[in-house]
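>>> build me a model from this:
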Amino acid sequence: MKQLLYTFAFIMLLMAGLLGTWWYQSYEYNRIELRKQVERDLDDLLVNNVFRKAVPYFMRNGPVWEGGDAIDRLKRNQAYLGYSISSMRKNARIIVETMSDTEKLLNNFPRRITIKDNPFRTDSQTFTFHFQDDGFTLGSMPAEVLDTLRYRHKVNLAPLRFSNQSGRLLTKNEGMRVKTELINTGIHRDPSYFEITEYRSTLLLSLLPEFLFGFLLFGATGFAFATAYRNLFEQEQQLKQKDALVANVAHELKTPIATVGVALEALNMFGADEDPTRRQEYLAIGQSELKRLDQMADRAIDSLQAENLSQRLRFQRTDLTEAVTDAWRGLSLRYNLPNEALTLHVHGEVDAKVDAHYWHHLVYNLLDNACKYGGKPAKIEVALCDQARNTMLTISDNGPGIAPGERENIFERFYRISRPGEGHLVKGHGLGLTLVRQVARAHGGSVEIDNTTAGGARFVVKIPRR
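Sure, this is the predicted structure:
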């Protein structure tokens, strides 16, 4: 069993490692895909939401950039730019940073235009456009682009700056870095870099189906292994209990067999035939031991064939006190107990329709249990009570009692209580109380157990009146 347990632990650890690797690979794949989507959407949003609206105002090769010589084109373009800025001033505050004379001759555009109020949207925003020889770019990330990315992907963008010493980007996670050439502050159109932040919750949420499937697979595999291990463990325990049962039965069989053998040997070799009294004594001993063997066989067979017990009952009117006195007569001699050790209380009419044979076994097993586990000296109380609907049998002893956690287990087949430091000091099969419950249920009744106020065990058997 230990080897099986080690194998089970190894398989579960291996599965946990495979699931962890799968989740990590999925997380990395989704992280890379998220970076690509954010970078692609960033350029799309800048082009569609900002630059396309600004083209009629700023684009060098815009709608007014048509034929003619260079001077005519320059004049028309300057006139168009001046008209565009003046028209925008009606809805926005414009700050124009002009170029030097040399730059004007080369570029024909101002260096930078800052719009304090966004003419493209109703809410207020600041746009700064930088002009180069072949177009213009934004100086910072528009708020509406950040809001759209945050809404789509549940992420945020943080601008990155270059280190003055090494020229390396100061970022903790270069794998989540995106760039765009549509935003820059220099005249060389160097791309701007942004770091994607607050993305882990989005990635973990996207992996929720994989997590659920992995935990379900891990739990189902663990449950299957645990169930198989428990069944094998229970089978091993039952095999050990059956081996112990065979050993106990074989041990107990030796006593009556040896007794019968001694009696027969005495009859054969020591002239017992010439002494009728001694012969009768030896025959009575043999008959008693053979009856004991027969009872032992009946108890074992009945406890192992609980399914057919109710169909084998033969009900007849029986005085329930006779089973108590008959069982006590044999048990008192067996355990060398005086008659005063048993106290019998009878309340009402205790004649009931029961199977006398199985009822005798029920009473015998309960009294046998009280004799074996009772105190020293033993004091046993038996009460028979006639009620309106039930006939009740109560058997109490003065032993250590039974713990609440053991009260249901003791009725299981082959189960025996092992007390710390004592083990199984009393010989037994673990079948007596199983038979008691089977007989009680076969009669349509029940058996319950608790402890007396003094601490001893108390069994209560109830059977319906017929």
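
>>> using the three-state scheme, assign residue 376.
Secondary structure state of residue 376, per DSSP: H, G, I helix; E, B strand; the rest coil, is coil.

>>> likewise for residue 463?
Quick answer, by three-state DSSP: residue 463 is strand.

>>> residues contacting the closest residue to it other than its chain neighbours?
Nearest residue to residue 463, sequence neighbours excluded (C-beta to C-beta, 6 or more residues apart in numbering): residue 445, at 3.6 Å. Every C-beta, even on glycine, is put in place using the N, C-alpha and C of the backbone. Residues counted as contacts of residue 445 (C-beta atoms under 8 Å, 6 or more residues apart in numbering) are 390, 461-464.

>>> quick one: classify residue 158 as helix, strand or coil.
The local conformation at residue 158, judged by three-state DSSP, is strand.

>>> so how far is residue 359 from the closest residue to residue 352 other than its chain neighbours?
Excluding its sequence neighbours, the residue lying closest to residue 352 (C-beta to C-beta, 6+ apart) is residue 391, at 4.7 Å. Residue 391 sits 11 Å away from residue 359, taking C-beta to C-beta, to the nearest Å as the criterion.

>>> ok, residue 373 next?
From residue 373 to residue 359 the distance is 22 Å (C-beta to C-beta).

>>> with residue 392 instead?
To residue 359, residue 392 is 14 Å away according to C-beta to C-beta.

>>> who has more neighbours out of the two?
Ranked by neighbour count (other C-beta atoms under 10 Å), residue 392 and residue 359 place residue 359 first, with 22 against 17.

>>> with just CA atoms, put whichever helix or strand the more buried one is part of into PDB.
Using DSSP states H and E, residue 359 sits in helix 356-373. Output of helix 356-373 as PDB, limited to C-alpha atoms (Å, rounded to 0.1, in the frame of the first residue of the first chain):
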ATOM      1  CA  ALA A 356     -36.900 -17.700  19.500                       C
ATOM      2  CA  HIS A 357     -33.700 -19.100  18.000                       C
ATOM      3  CA  TYR A 358     -32.400 -15.700  16.700                       C
ATOM      4  CA  TRP A 359     -33.700 -13.800  19.700                       C
ATOM      5  CA  HIS A 360     -31.700 -16.100  21.900                       C
ATOM      6  CA  HIS A 361     -28.600 -15.200  19.900                       C
ATOM      7  CA  LEU A 362     -29.400 -11.500  20.200                       C
ATOM      8  CA  VAL A 363     -29.600 -11.700  24.000                       C
ATOM      9  CA  TYR A 364     -26.700 -14.000  24.300                       C
ATOM     10  CA  ASN A 365     -24.400 -11.700  22.300                       C
ATOM     11  CA  LEU A 366     -25.400  -8.600  24.300                       C
ATOM     12  CA  LEU A 367     -24.900 -10.400  27.600                       C
ATOM     13  CA  ASP A 368     -21.600 -11.900  26.400                       C
ATOM     14  CA  ASN A 369     -20.400  -8.400  25.400                       C
ATOM     15  CA  ALA A 370     -21.400  -7.100  28.900                       C
ATOM     16  CA  CYS A 371     -19.500 -10.000  30.600                       C
ATOM     17  CA  LYS A 372     -16.400  -9.400  28.500                       C
ATOM     18  CA  TYR A 373     -16.200  -5.600  28.700                       C
END
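
>>> widest-spaced pair of the contacts of residue 445?
Maximum pairwise distance in the contacts of residue 445, criterion C-beta to C-beta, is 11.6 Å, between 461 and 464.

>>> of these two, which one has the most company?
Neighbour tally, residue 461 and residue 464, criterion other C-beta under 10 Å: the higher count belongs to residue 461, 23 against 13.

>>> hang on, the more buried one packs against residue 362?
Yes - taking contacts as C-beta atoms under 8 Å, residue 461 lies within contact range of residue 362: 6.9 Å.
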